[in-house]
Each structure stands twice: as C-alpha cells, then as structure tokens.
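Below are the sequence and a predicted model for it; my questions follow.
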Amino acid sequence: MGVNDRLHRAHLRLLLLFTLIVMGGFAFPQVIWISHVGYTLIALLLTQAMEENNRGNSWTNRIYRILGLVAVVSLWLWLLTPLDLIYSGIPMALDWSILVGWSVIRLVKRLADEPRVSSSLLMGATAGYLHIGLAAGLVMSAVETIIPNSFEPLAMEQLSHESVLAAAKSFSTINYYAFVCLTTVGFGDITPMEPFARMLSVLVSIAGPLYLAVVMGVLIGRYASSLDRRERTSPDTEKGPY
C-alpha cells in the first residue's frame, strides 16, 4: 500500500470523525460552536479526501479546493452577519450545496473504481450520507434566516442587530428536522410553512434514499463481480459422469 493510499484512508476516517463531532455539537446547543468548527474541518478535509488522481483533471481539483475555501469563508461570514442582513445566507447555501453534492459524486465514483472495498471506504460512504443531512441543515438554517418562520414551530431569536451566531441554538432543531427528512421518518413535529421550505424538504427526502440506493447498488455489483471472478478462477469441484 502506497503512502497516498494510506493518507487517503486516513482522510476518510477523519471525515467520519469530524462529521460525528458536528452532530455531537448539535446535540448540546450550549456548545454549538463546536459544530461550526467541525463544518470548517469537513470542508477543508473534503477537498483533500475527494481529489481525483487523474492528472488531466487537475484544473477541476483546483476548482474543488477553491470551492472548499469559499464554503468556509461564506459559512463564517453568514454566522457573524447580523440577522437583519437576511440575504447573507444565500452564498453559504449555494457553496455548501455544490461542495457536498460534488463530493458525493466523487465518493460514489471512488467506490465504483476501487478494486477492493475497505473499511475506510465504507466510513467515507457513511460520512457522505451524513454530509447530505448536515448540508441540508445548513441550507435550511439559511432559509430560516432569509425567510423567517419557514419552519414552525421554532424558537429562532429575532435579534435583528445581533449576529446569526447569537441565534444559532435554534439550528440544532433545524438540523434535527433535516435528518428527519433525509431518513424519511416524518415525525411531524416540525412543519415547513413556505413553498421554498417545502420543496427543499422534498428534495432532501429524495436525496437520502437515492444515495443509499446508488451506494448499495455499487457495493452489491462489486460483490457479485467478485463472486463471478472467484468462480472463474477456482477449479471445478463437480465431477462428470465419466
């Protein structure tokens, strides 16, 4: 195993670790700043873990790395912006949607190209699924600041001259709702009220099962092909009648 392979596998494990840190921060709203630090680490690590090895795609890797940096900057600008500047969440929502969507596509391609599915790759696949929920939570939080009362009931503090970070405790509730949509559980305790919020909820509910279907299809196809190769290379065990 080469140095690059070992480094890539370490990146995938760290991705899952940082993802769990973000989710742990949302479980304890008093220290929700941990989640935002975790988001920053995820964006920076994604641009390292999901780089393509093909030299012909070096320009796409550069764009991908720049997108990760822009996602970090737009996240913190949004968090430190007063709530009355309602459109500050638009760049952040767009950057994170593109970054996570692109990363998921690269992850699925890597799953399909790897000769052997390792535990590290499965950790990366798990992190990819959770990243869809976390990105959806960020986008929904931005929508709530852009269009107040998009999701009800929420205890979003309308502190017009305070930063978004001052009202960030409500984001744990929105992220909970994002994962409810992702897993299509549908508890019904939070309701999208605005048309855009409703369509966003529908898109997240479609993205979750679709990701699982694609990843499971790749893994099952890989398992079936490995069985086929094993049967072709193994000696015949059945004896003929003569």
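Received, thanks.

pLDDT wise, what is the nearest residue to residue 123 once chain neighbours are set aside at?
In space, and not counting its chain neighbours, residue 123 is closest to residue 16: 4.5 Å by CB to CB, 6 or more residues apart in numbering. Quick note: C-beta positions are derived from backbone N, CA and C, even for glycine. You'll see residue 16 listed with a pLDDT of 91.

Contacts only, for residue 16.
The contact partners of residue 16, taken as CB atoms under 8 Å, 6 or more residues apart in numbering, are 123, 124, 126, 127, 130.

Burial check on the third one, number of neighbours?
Counted with other CB atoms under 10 Å, residues neighbouring residue 126 total 16.

Can you name the next helix or strand after whatever helix or strand it lives in?
Using DSSP states H and E, residue 126 maps to helix 119-146. Note on helix 119-146: by DSSP H and E, the next helix or strand toward the C-terminus is strand 151-152.

quick one: residue 48 and residue 10 touch, right?
No - assessed by CB atoms under 8 Å, residue 48 is found out of contact with residue 10, at 10.0 Å.

Which one of those two is surrounded by more residues?
residue 48 (15 against 12).

so where does that one fall, helix or strand?
According to DSSP H and E, residue 48 maps onto helix 33-49.

buried residues in that helix?
By neighbour count with 16 or more other CB atoms under 10 Å, helix 33-49 contains the buried residues 35, 36, 38, 39, 40, 41, 42, 43, 45, 46, 47, 49.

who's in contact with the last one?
Applying CB under 8 Å, 6+ apart to residue 49 gives the contacts 8, 11, 12, 14, 15, 124.

How many neighbouring residues does the third one have?
Spelled out, it's residue 12. Neighbourhood size, residue 12 [other CB under 10 Å]: 25.

I'd assumed it was in a helix, is it?
Yes - checked against DSSP: H, G, I helix; E, B strand; the rest coil, residue 12 lies within a helix.

what residues are up against it?
Residue 12 is in contact with 49, 120, 121, 123, 124, 127, counting by CB under 8 Å, 6+ apart.

And the pLDDT for it?
For residue 12, pLDDT reads 85.

I'd like the distance between the residue lying closest to it once chain neighbours are set aside and residue 34.
Excluding the flanking residues, the one nearest residue 12 by CB to CB, 6+ apart is residue 124, at 3.6 Å. Distance, residue 124 to residue 34, by CB to CB, to the nearest Å: 22 Å.

returning to what we had before: and of the buried residues of helix 33-49, the nearest to residue 166?
Nearest to residue 166 among the buried residues of helix 33-49 is residue 36, at 12.9 Å by CB to CB.

Give me the distance between that closest one and residue 112.
Residue 36 sits 33 Å away from residue 112 when distances are taken as CB to CB.

Residue 84 is in contact with residue 163, correct?
No - look at residue 163 against residue 84 with CB under 8 Å: they stay out of range, at 10.6 Å.

neighbour-wise, which of these two wins?
Higher neighbour count among residue 163 and residue 84: residue 163, with 16 against 12, using other CB under 10 Å.

What values do phi and psi take at the more buried one?
Backbone torsions for residue 163, taken as degrees, to the nearest 10, come to phi -80, psi 160.

Pull the contacting residues for it.
For residue 163, the contacting residues are 79, 80, 81, 82, 83, by CB under 8 Å, 6+ apart.

Compute the number of surrounding residues for the last one.
Which is residue 83. Under the neighbour criterion other CB under 10 Å, residue 83 is assigned a count of 21.

Understood, closing this out.
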